[in-house]
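Colleague: Just to be clear, the model below is a prediction. Sequence and coordinates:
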Amino acid sequence: MIRVLRGTETQRVALGGLRAGRFMLCTDSEKLYQGMPSGDREVGSSDTFWDSDALPDTPAIQDDHFDVGAIDWGKWTEWDLGVAKLAVTEAGHHAVLTHTTEGAGRFRGIYQTLPAGDFTIAIKASLISAATADAVLTLCLFQDATNVNGDILMIQFWQRTSGLKYRDIHAQRWSDYQTFNTNYAGGTVYPNTTNYLRFRRNGTTLYYEYSMDGVGWHRFYTHGQPFVPAHMGFATQNNNAGFDIYGYVDFFRYIASDQIGPLGKVRGR
C-alpha cells in the first residue's frame, strides 16, 4: 500500500522536499510528486494511482472536504447537548472536534439531514488523545438529532487504555447521547491511527464497514435498520477527566446509492 500525503504547493515547498520514496498530491495544482534523493519529482503522465480521498467529479451537496477555513454551518448543525463540551473548527483539510475534559460517556458532534433511499456515507477519521481513559470518534446515524431522546447507530473508532493503549472498532446503538443500548459487534482489531468508516444502506439493510486505506473494506456487521434515520454525522466521546481529546475528520462523503467498491478515483495525467 502506498500512502500519499495531501497538501498544497506552498506546503510542499515549506517541507523542504519530500523524504525519498514518499508521495504528495498538491490539491491546488493537481500535481503528484515523489521524493527523490536529488529532489522532488513530478510524476509523469504514465503514472496513475488510486486516491481514496478525492472528491467525486460531481460532489453531492452533502459532501464536505473541510478545506475552506471554516465549518459550513449552513450544511452542518452542532450537536452538543447538556453542558457544552465541544468546539468544532476547520484547520487545513480537517474538521476538528475538540472535546474538552468531561470524564463521562457522552457523545457530541455535528450532523446534517440524511436524504431518503439507499446511501453510502463515509469519513476519514483520526483520533488524538494522550489521555488515561477511553476516547472515541464515531460515524453516526441519528433517529432524530433534534430529539434529546433519539436513538443513534454508530461505527466507533476507540482508543483504549487498558494496559498498553490500543485501538479498535465497534458497531453500537445508543438510546440517546449519553445512554448505551447495545454492542452489536467489535473487538480488538488494532487499526491504524487513521481509518475510514462507512455505513451503507440497501433497502432497509444497513452495513457497517471500516477500511485502513479507503480501497479495501471490512464489513463487520449488518442488520435490518431498527429505525429510519433522519440525520447523519460524526461525534466524539471523552471519558477523561483533566484531558481534552481531538477528533480529526478529513472529509465527509455522501453517495445516493449503495456503493460497495472503493472511495475516490484514479489520479494521473
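Modeller: Done, it's in.

Colleague: which stretches of this protein form helices?
Modeller: 9-14 (DSSP state H).

Colleague: which residues of it score low on pLDDT?
Modeller: 1-3, 44-48, 131, 161-165, 188, 190-191, 267-269 (pLDDT under 70).

Colleague: How is it partitioned into domains?
Modeller: 4-43, 77-264 (automatic domain parsing).

Colleague: okay if I get these as JSON lines plus distance to His65 and mean neighbour count?
Modeller: C-betas here are computed from N, CA, C, even on glycine. Shown next, in JSON lines, are these (distance: least, C-beta to C-beta, whole Å; neighbours: other C-beta atoms under 10 Å):
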{"stretch": "domain 4-43", "distance to His65": "9", "mean neighbour count": "15"}
{"stretch": "domain 77-264", "distance to His65": "5", "mean neighbour count": "18"}
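
Colleague: Ala60 is nearest to which of the ones you listed?
Modeller: domain 77-264 (4.8 Å; C-beta to C-beta).

Colleague: Of the domains of the chain, which is nearest Trp50?
Modeller: Ranked by C-beta to C-beta, the member of these that lies closest to Trp50 is domain 77-264, at 6.0 Å.

Colleague: Centre of the chain to the closest one, how far?
Modeller: 7 Å (C-alpha atoms, centre = their mean, to the nearest Å).

Colleague: What is the end-to-end distance of that domain?
Modeller: 26 Å (C-alpha to C-alpha, to the nearest Å).

Colleague: and what of stretch 4-14?
Modeller: First-to-last residue span, stretch 4-14, C-alpha to C-alpha: 17 Å.

Colleague: who's in contact with it?
Modeller: 18, 22-29, 31-33, 40, 49, 51, 53, 93, 250 (C-beta atoms under 8 Å, 6 or more residues apart in numbering).

Colleague: do stretch 195-209 as well
Modeller: 52, 118-126, 138-139, 141, 153, 155, 157, 169, 171, 184-185, 210-214, 217-225, 232, 258-260, 263.

Colleague: Of these, which belong to strands?
Modeller: Counting by DSSP state E, the contacts of stretch 195-209 place 119-126, 138-139, 141, 153, 155, 157, 169, 171, 184-185, 210-211, 218-224, 232 in strands.

Colleague: From Thr120, how far out is the residue lying closest to Gly216 once chain neighbours are set aside?
Modeller: Spatially, and ignoring its direct neighbours in sequence, Gly216 is nearest to Pro262 (7.5 Å; C-beta to C-beta, 6 or more residues apart in numbering). According to C-beta to C-beta, to the nearest Å, Pro262 and Thr120 sit 11 Å apart.
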